[in-house]
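A.B. asks: mind looking at a prediction? Sequence and model below.
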Amino acid sequence: MGGVKDPRDLRSHQWYGTDGLRSFSHRARTRQLGYLPEEHLGKPVVAILNTWSDINPCHVHLRERAQAVKRGVWQAGGFPLEFPVSTLSETFQKPTPMLYRNLLALETEELLRSYPVDGAVLMGGCDKTTPALLMGAASVDLPAVFVPAGPMLPGHWRDKVLGSGTDMWKYWDERRAGLIGDRELAELENGLARSPGHCMTMGTASTLTAAAEALGVTVPGASSVPAVDSGHERMAAASGRLIVDLVGRDLTLSRVMTREAYEDAVTTVLALGGSTNAVIHLIAMAGRSGVRLTLDDFDRIARTVPVLADLRPGGRYLMEDFHFAGGLPAFLGQLTDLLHLDRPTVAHPTLRAQLAGAVVHDAEVIRPRERPLAAEGGVAVLRGNLCPDGAVIKHIAADPALLRHTGPAVVFDDYRAMQRTIDDPALGITADHVLVLRGAGPKGGPGMPEYGMLPIPDHLLKRGVRDMVRISDARMSGTSYGACVLHVAPESYVGGPLALVRTGDLITLDVAGRSLRLEVPDEELARRRAAWVAPAPRYGRGYGALYTEHITQADTGCDFEFLSREGAVPDPYAG
Ligand code: FES
Ligand code: MG
């Protein structure tokens with residue numbers, strides 16, 4: 001452990017240690033909390049930001065787990081204070097927790113800034129909580145350690161192993177195809193998610209917690225420890241001890257979350273075959289770290305990175321398998337030539353030291369370089385006249401036959417209307433059609449709901465069709481799959497070319513050529529653009545209105561422009 005620094009150099013000293021009325025008041029109020037001065041004065045104050053909530057099944061164990069973090073903080077000579085922060089439950093929060101990612105980021109930033117905090121432990125994992133907590137903490141730039149919630153145990157149904165999310169979509173399609181009865185459905189409800197913890201596929205949660213570990217802001221190996229494993233409690237306590245050490249060494253997030261670290265996080269996400277959502281979140285997180293990460297970085301890195309993790313939804317296994325195969329240290333150990341090994345992490349002076357000795361224990365789950373699942377990273381960035389500022393597709397989770405495809409568009413302006421009509425055979429939809437959904441982008445959704453895996457019409461499902469080309473300005477769940485082109489930018493709501501598509505127009509997707517084209521002459525598109533009328537905003541007031549007015553497009557990470565600006569914010573006690 002590093003030495004505890006001179007208490008007078010702690011940020012919290014300004015609250016507790018000065019010879020003035022305010023410190024007198026703060027000391028009195030800390031006695032009111034039940035602490036004697038000798039228990040806390042001069043110790044680093046560690047804020048534990050906890051996204052626990054009764055409504056969030058992925059974080060339901062974090063209330064108890066915070067006690068282990070506190071244990072570690074006390075052991076190392078710190079003073080832990082737990083702060084409940086907004087939870088973002090991927091399952092329950094509507095229209096989408098993405099609408100609230102920036103709100104949690106804002107809350108995180110302002111709590112850390114306005115209270116006597118020397119370092120922070122960030123407890124999250126369910127999809128947007130990870131980027132939100134790290135975006136906020138990066139903006140304040142204190143020392144911080146991220147404690148991943150950990151994946152839930154593997155799901156089971158009869159003789160089958162289930163992935164939450166992934167198999168929910170799959171069996172719901174089987175249900176719509178008439179193959180699953182009420183009894184089977186009830187059994188599936190029992191088995192899909194059978195313990196606390198985040199989704200245990202390589203969905204958005206596992207992708208982002210792995211990215212956090214790759215960035216270097218967790219205890220090594222933390223991201224795959226199952227939520228209910230005793231090792232998770234040990235990891236939480238170790239994180240508490242570590243943060244006190246980091247405060248002593250002044251190792252702030254900006255010294256860890258560097259351009260090199262973000263490039264390694266991109267490499268990690270791509271090699272895992274991770275969620276498309278990571279593209280948006282990493283760009284936004286990097287922005288808060290003062291690092292300009294772009295879609296072109298993803299495209300460039302994707303061409304050099306093989307997919308080595310055989311994890312659902314793209315592959316076969318689940319996070320517990322990944323954990324016992326060696327977890328992220330063993331995984332990154334396969335990629336050392338593609339990583340920046342000399343950068344620091346919160347736990348080691350260099351990533352090289354962090355990965356030393358890590359061994360792969362199951363070469364089916366974590367493949368060797370000679371036997372990748374795909375030679376190139378799982379996410380491709382597309383360009384073309386339909387997406388001048390880019391779009392993404394997770395091609396490893398799509399039917400390969402659709403990766404080069406031309407078909408006529410069927411356009412939907414509204415998700416609910418699409419849900420009501422998609423199964424109608426009178427629409428004449430065939431497997432060759434391209435389903436287009438618009439009005440679901442950052443401003444139009446607002447919040448880019450996970451509508452991107454548009455349902456396949458049931459009459460096609462019954463004939464065995466399981467994938468079609470689908471295009472939208474929405475996102476899709478990290479546990480989803482299919483030939484879904486997502487994050488089309490600019491979005492239709494602001495008049496991007498997606499707004500101009502009409503049913504019957506031909507669209508060409510060419511993943512190898514990285515292109516997405518609307519086969520309509522430019523003159524005709526210009527005519528349509530001149531006649532286009534901007535849709536009315538959905539929110540007349542409140543947070544939705546604030547969001548719609550300030551959100552940036554998908555290719556720049558969907559941060560609020562006022563949060564991603566450069567410029568200092570004064571510390572409350574400064575000046
Ligand atoms: Fe929380 Fe999937 S619902 S991670
Ligand atoms: Mg999700």
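C.D. replies: Sure thing, it's come through. Numbers count the residues shown, from 1 in each chain. Ligands and ions are numbered 1, 2, ... in the order given.
A.B. asks: use CA for all of it now, contacts and neighbours both
C.D. replies: Will do.
A.B. asks: the residue in the stretch 251-400 of the chain that ligand 1 sits nearest to and Pro449, how far apart?
C.D. replies: Nearest to ligand 1 in the stretch 251-400 of the chain, going by C-alpha to the nearest ligand atom, is Ser275, at a distance of 11.6 Å. Separation of Ser275 from Pro449 (C-alpha to C-alpha, to the nearest Å): 15 Å.
A.B. asks: the two: who's more crowded?
C.D. replies: Ser275 (28 against 23; other C-alpha atoms under 10 Å).
A.B. asks: so what's Ala374 bridging to?
C.D. replies: Val307 (DSSP bridges).
A.B. asks: show the pLDDT at it.
C.D. replies: For Ala374, the model assigns a pLDDT of 92.
A.B. asks: in this structure it contacts Val307, no?
C.D. replies: Yes: taking C-alpha atoms under 8 Å as the definition, Ala374 is a contact partner of Val307 at 5.1 Å.
A.B. asks: which one of those two is surrounded by more residues?
C.D. replies: Val307 (28 against 15).
A.B. asks: quick one: contacts of the helix or strand hosting Ala278?
C.D. replies: Per DSSP states H and E, Ala278 falls inside helix 277-288. With contacts defined as C-alpha atoms under 8 Å, 6 or more residues apart in numbering, helix 277-288 is touched by 131, 134-136, 138-139, 204, 207-208, 257, 259, 262, 266, 269, 292-295, 298, 475-478, 554-559, 563-564.
A.B. asks: same check, this time on stretch 67-82
C.D. replies: 39-40, 43-50, 66, 233-234, 236-245.
A.B. asks: if we use 6 Å, what do you get?
C.D. replies: 40, 43-48, 236-238, 240-241, 244 (C-alpha atoms under 6 Å, 6 or more residues apart in numbering).
A.B. asks: of the residues you listed, buried ones?
C.D. replies: 40, 43-48, 236-238, 240-241, 244 (16 or more other C-alpha atoms under 10 Å).
A.B. asks: what is the nearest of those residues to Val465?
C.D. replies: Ala236 (45.5 Å; C-alpha to C-alpha).
A.B. asks: name the nearest residue to that closest one, sequence neighbours excluded.
C.D. replies: Val69 (5.0 Å; C-alpha to C-alpha, 6 or more residues apart in numbering).
A.B. asks: mind checking how far the one you found is from Val256?
C.D. replies: As judged by C-alpha to C-alpha, Val69 and Val256 stand 21 Å apart.
A.B. asks: for stretch 300-313, the distance to its chain's centre please.
C.D. replies: 17 Å (C-alpha atoms, centre = their mean, to the nearest Å).
A.B. asks: can you check stretch 542-549 too?
C.D. replies: 22 Å.
A.B. asks: returning to that earlier point: farthest-separated two in the buried ones among the contacts of stretch 67-82?
C.D. replies: Largest pairwise distance in those, by C-alpha to C-alpha, is 21.1 Å, between His40 and Ala236.
A.B. asks: tell me the contacts of Thr87?
C.D. replies: By C-alpha under 6 Å, 6+ apart, the neighbours of Thr87 are Thr51.
A.B. asks: that one and ligand 1: what is the separation?
C.D. replies: Distance, Thr87 to ligand 1, by C-alpha to the nearest ligand atom, to the nearest Å: 10 Å.
A.B. asks: residues from this structure in reach of ligand 1?
C.D. replies: Taking C-alpha under 6 Å from any ligand atom, the part of the chain that reaches ligand 1 is made up of Cys58, Ser89, Glu90, Thr91, Cys126, Asp127, His198, Cys199, Ala205.
A.B. asks: ok, and the most crowded of those?
C.D. replies: Ala205 (36 neighbours).
A.B. asks: which strand or helix spans that one?
C.D. replies: Going by DSSP H and E, Ala205 is in helix 204-215.
A.B. asks: what does that helix contact?
C.D. replies: Gly125, Cys126, Asp127, Ser223, Ala261, Ala265, Gly274, Ser275, Gly478.
A.B. asks: mind doing that once more with 7 Å?
C.D. replies: 125-127, 130, 148, 198-200, 218, 220, 223, 257, 261-262, 264-265, 268-269, 274-275, 277-278, 478 (C-alpha atoms under 7 Å, 6 or more residues apart in numbering).
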